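I need the structure of the sequence given here:
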Amino acid sequence: MFDRVLILSASAGAGHVRAAQAVEKAFIRLNAAGELRNIDTLQYTNKLFEKLYSKAYIELVDKAPDLLGWLYNQLDDPWRFERRRLVFDKLNARPFIKLLKEYQPDLAVCTHFLPAEIISWLKQKKGLSTRQAIVVTDFDLHAMWLCRHYEHYFVAIEETKLHLQELGVPPEKITVSGIPIDPVFAEHKDKDQMRKKLGLDAVLTTILTSAGGFGVGPMEMLIQSLMKMRNKVQVVAVCGKNEELKSRLETLSGQLDANSPVKIIPVGYTTQMDEYMSAADLLLGKPGGLTTSEALAKNLPIVIVHPIRGQEERNSDHLLEEGASIRCNNLPVLAYKIDKLLDDPARLDEMRANVRRLARPSAAVDIVKKLLSLRNT
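Numbers count the residues shown, from 1 in each chain. Below you'll find the predicted structure:
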């Protein structure tokens, strides 16, 4: 057991925070920490920096995805921007630096690169003796995840481990754990029982799509495309907290002909995504690291649409290469692509087998167990 553990994320996108929450639950489940704190690093920076760091990312995703992709690729140059970035982050994260120096944790687990690079700098300056573990929350490795003072890296796939090794990280300091997801996704839940519980048709092919907690993205366009399918399906559309979106989808659902093979089921905000995934046959959406890992854990092939430029594009590459997904770049042909997949049961079975091979549902628990095994080394 560790005496004091900090789990550190940054709320620039939801995935880093969800990974931190998964690791926190694993620490609690294994009783692996005397004192455990889960902190959003941005809450310990000045307000302008916090706003720029989190809001600017969302703005780029929504309004300037091509610029975001260009920035992502430009910054993916190992060590080139290290000093400039660190100077900027140190200047704006003084409350976080103060917290670290005062708290002096035995272990810091970082699911975002911002706290990792600050801890690395403090370790170099002898201002901190904590052990640092870095959990990469996408399948690919971006240069911003690199730091010089750490004890261990946790990555999603073998290729990323090799990438780190080529950049100078010793292989014994890298574990291929998968991306940590809530341990609830590792629990088997019967598909038929989940459909009954959620009020879904027991026999229809079920496509699950989600607009996230806040209900953003081109959900209406997706649904309009799916309404043209010829296979009999039910589409569960999770609208998050966007009640207006849910209402519009209910209107669309009401416009379907009584003989339509497609059934639209809008759902509001839910904390039962593991149950909806257990009930589904396909996941339709963007390939974020956490969502993808949850889908893999639930044996769901993925239909990729609108991946965020940069990290999600690279996640797409890995999933497509491994045969766990298909991708639709043009929404007008979305119905055609999914119909074609459903018309080929052998191909769909092969995709499910590939999904099972890639899945690492116990990643969060495996990470904590590995950290405990390294405690006395």
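
continuing past the strand or helix carrying L68, what's the next helix or strand?
Under the criterion DSSP states H and E, the helix or strand holding L68 is helix 65-75. Counting by DSSP H and E, the next helix or strand C-terminal to helix 65-75 is helix 82-92.

any idea of the angle that following helix forms with helix 65-75?
Angle, helix 82-92 to helix 65-75, by axes from the mean of the first three to the mean of the last three Cα atoms, to 10 degrees: 110 degrees.

If you count contacts, what does helix 82-92 end up packed against?
Under the contact criterion of 3 or more Cβ pairs under 8 Å, 6 or more residues apart in numbering; DSSP states H and E, helix 82-92 touches helix 113-124. C-betas here are computed from N, CA, C, even on glycine.

Which residues does the helix it packs on contact?
By Cβ atoms under 8 Å, 6 or more residues apart in numbering, the residues outside helix 113-124 that reach it are 8-10, 41-42, 53, 82, 85-86, 89-90, 93, 96-97, 100-101, 108, 110, 128-130, 132, 134, 142, 144-145, 147-150.

Please list the members of these that lie in helices.
Y53, E82, R85, L86, D89, K90, F96, I97, L100, K101 (DSSP state H).

which of these lies closest to L222?
Y53 (29.3 Å; Cβ to Cβ).

The closest one and H16 touch, don't they?
No: counting by Cβ atoms under 8 Å, Y53 does not reach H16; the two are 11.5 Å apart.

other SSEs contacting the helix or strand harbouring Q234?
Secondary structure assignment for Q234, by DSSP H and E: strand 233-238. With contacts taken as 3+ Cβ pairs under 8 Å, 6+ apart, strand 233-238 sits against strand 205-210, helix 219-226, strand 262-267, helix 273-279.

would you turn the ones you listed into CSV with mean pLDDT, mean neighbour count and distance to L256?
Shown next, in CSV, are the helices and strands packed on strand 233-238 (pLDDT from 0 to 100; neighbours: other Cβ atoms under 10 Å; distance: least, Cβ to Cβ, whole Å):
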stretch, mean pLDDT, mean neighbour count, distance to L256
strand 205-210, 93, 23, 15
helix 219-226, 88, 19, 10
strand 262-267, 93, 19, 6
helix 273-279, 95, 21, 21
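
quick one: which of those is nearest R347?
strand 205-210 (14.3 Å).

Please list the residues outside that closest one that contact it.
Contacts of strand 205-210 (Cβ under 8 Å, 6+ apart): 195, 200, 219, 222-223, 226, 231-238, 240, 273, 276-277, 279-285, 291, 300, 303, 338, 342.

Only the buried subset of the ones in helices among the contacts of helix 113-124, as a PyMOL command please.
To isolate the buried members of these in PyMOL, using 16 or more other Cβ atoms under 10 Å:
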select buried, resi 53+82+85+89+96+97+100
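
Which of the ones in helices among the contacts of helix 113-124 sits closest to I265?
Y53 (36.4 Å).

Could you pull out the residues contacting both of Y53 and H16?
With Cβ under 8 Å, 6+ apart, Y53 and H16 have common neighbours A10.

quick one, strands of this protein?
Under the criterion DSSP state E, strands of the chain are mapped to 2-9, 33-40, 107-110, 131-135, 152-155, 174-176, 205-210, 233-238, 262-267, 282-285, 302-304, 325-327.

Which of the ones you listed has the highest mean neighbour count?
Mean neighbours per residue, mean count of other Cβ atoms under 10 Å, is largest over the strands of the chain for strand 107-110, with a mean of 28.

any idea how far that one is from the chain center?
Relative to its chain's centre, strand 107-110 lies at 18 Å (Cα atoms, centre = their mean, to the nearest Å).

One more: stretch 239-250?
Relative to its parent chain, stretch 239-250 has a centroid offset of 23 Å by Cα atoms, centre = their mean.

Okay, buried residues for that stretch please.
Quick answer for stretch 239-250 (16+ other Cβ under 10 Å): C239, G240, N242, L245, K246, R248, L249.

show me the contacts for the fifth one.
Each residue near K246 by Cβ under 8 Å, 6+ apart is listed here: G215, C239, P266, V267, G268.

Thanks a lot, see you next time.
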